[in-house]
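Undergrad: when you get a sec, could you give me coordinates for this:
(one chain, ligands or ions: 2)
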Amino acid sequence: MKNARAITMTVNKKGNGSISLVRTKLPTKHGNFEMYAYKSEFYQFPHIALVRGAIDPENAQNVRIHSECMTGDLFGSLRCECGEQLNHALKYFGEEGGILVYMRQEGRGIGLVNKMHTYNLQDKGYNTREANVMLGFHQDARNYDEAIEILNDLGVKRIKLMTNNPEKIKSFKDSAIDVIERIPIEMPPHDENKGYLKTKKIEMGHIFDSIKL
Ligand SMILES: Nc1nc2c(ncn2[C@@H]2O[C@H](COP(=O)(O)OP(=O)(O)OP(=O)(O)O)[C@@H](O)[C@H]2O)c(=O)[nH]1
Ligand SMILES: [Zn+2]
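TA: Numbers count the residues shown, from 1 in each chain. Ligands and ions are numbered 1, 2, ... in the order given. Okay, the predicted model is just below:
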């Protein structure tokens, strides 16, 4: 436990609670990033910001807010498109510059174990939205307040937001950050995730213009 103190020591605190715990360099296959860890008020593990290039508040920054998906991001699950989106965003930011905010909102905020329960319900024929509701959760239990705090802390003022999810865009409405453009992030569907993407489009309002579902 000797090192615990250094790990929890805060180096920055701004606004209403976003706390940057530590910052370090992260060379990746997509280029060199600056990695920040932010303490969360609601989630056990820190949110992460991966920043590629200098942040100029005068210019709009490319931004993706990505919610944790252990099954997709780490294990290559075909049930969703998260892993492919994460890779796409990092590659894009590696080339163009940008900020990936990795939120520890596993399973749209209900956690990994509950998401696994919803998978079992989905295997019985319920869709991704219905399965959440059957377990007593909101169809999407996330909000993006902490992501916005992190972007504020990084000095971001105007963004091009990489998402197909209108809720993410709406969440900036009362914030100090302007979303001046949406960058679509539509991954080619496959047999295993077509139904999931269709439900996101038809029942949850996600924008899919270029892929056939
Ligand atoms: N409860 C639940 N969560 C899921 C399911 N499939 C994926 N997820 C979670 O959904 C979230 C998807 O996150 P994102 O890719 O950031 O968000 P999105 O709402 O798809 O919006 P985009 O920005 O358009 O990608 C992750 O937290 C996944 O773990 C599911 O069937 N049930
Ligand atoms: Zn996923």
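Undergrad: got the contact list for residue 110?
TA: Shown in contact with residue 110 (C-beta atoms under 8 Å, 6 or more residues apart in numbering): 118, 132, 135, 137, 141. Yep, even glycine has a C-beta here, placed from its N, CA and C like the rest.
Undergrad: an error on my part: the question was meant for residue 62.
TA: Per C-beta under 8 Å, 6+ apart, neighbours of residue 62: 92, 93, 96, 97, 98, 99, 159, 160, 162, 183.
Undergrad: how about it, secondary structure?
TA: Of the three states, residue 62 takes strand under DSSP: H, G, I helix; E, B strand; the rest coil.
Undergrad: count the residues that sit near the nearest residue to residue 126 once chain neighbours are set aside.
TA: In space, and not counting its chain neighbours, residue 126 is closest to residue 134: 6.3 Å by C-beta to C-beta, 6 or more residues apart in numbering. Neighbour count for residue 134, taken as other C-beta atoms under 10 Å: 13.
Undergrad: over to residue 74?
TA: 12.
Undergrad: next: residue 54.
TA: Around residue 54 there are 9 other residues, counting by other C-beta under 10 Å.
Undergrad: can you check the pLDDT for it?
TA: Note on residue 54: pLDDT of 96.
Undergrad: ok so residue 55 is a strand residue?
TA: No - according to three-state DSSP, residue 55 belongs to no strand; its state is coil.
Undergrad: who's in contact with it?
TA: Here residue 55 is in contact with 61, 99, 154, 155, 156 (C-beta under 8 Å, 6+ apart).
Undergrad: so which residue is smack in the middle of the protein?
TA: Centroid-nearest residue in the chain, with C-alpha atoms, centre = their mean: residue 66, separated by 1.3 Å.
Undergrad: that residue reaches residue 88, doesn't it?
TA: No - the criterion here is C-beta atoms under 8 Å, and residue 66 misses it with residue 88 at 10.4 Å.
Undergrad: residue ranges with poor pLDDT in this structure?
TA: 1-18 (pLDDT under 70).
Undergrad: hang on, the earlier thing: farthest-apart pair in the contacts of residue 62, please.
TA: Spatial extent of the contacts of residue 62 (C-beta to C-beta) is set by the pair 92 and 159 at 13.9 Å.
Undergrad: which one of those two has more residues nearby?
TA: residue 159 (24 against 19).
Undergrad: any idea how far that one lies from residue 101?
TA: 10 Å (C-beta to C-beta, to the nearest Å).
Undergrad: residues shared between the contacts of those two?
TA: Contacts common to residue 159 and residue 101, judged by C-beta under 8 Å, 6+ apart, are 63, 151.
Undergrad: spell out which parts of this structure neighbour ligand 1.
TA: Counting by C-beta under 6 Å from any ligand atom, the chain comes close to ligand 1 at 66-69, 80, 82, 85, 105-108, 110, 115, 118, 128, 132, 163-165, 168, 185, 206.
Undergrad: tell me the buried residues within the contacts of residue 62.
TA: With neighbours counted by 16 or more other C-beta atoms under 10 Å, the contacts of residue 62 contain buried members at 92, 93, 97, 98, 99, 159, 160, 162, 183.
Undergrad: and ligand 2, which of the contacts of residue 110 reach it?
TA: Contacts with ligand 2 within the contacts of residue 110, as defined by C-beta under 5 Å from the ion: none are present.
Undergrad: ok, of those residues, which come out buried?
TA: In the contacts of residue 110, burial by neighbour count holds for 118, 132, 137, counting by 16+ other C-beta under 10 Å.
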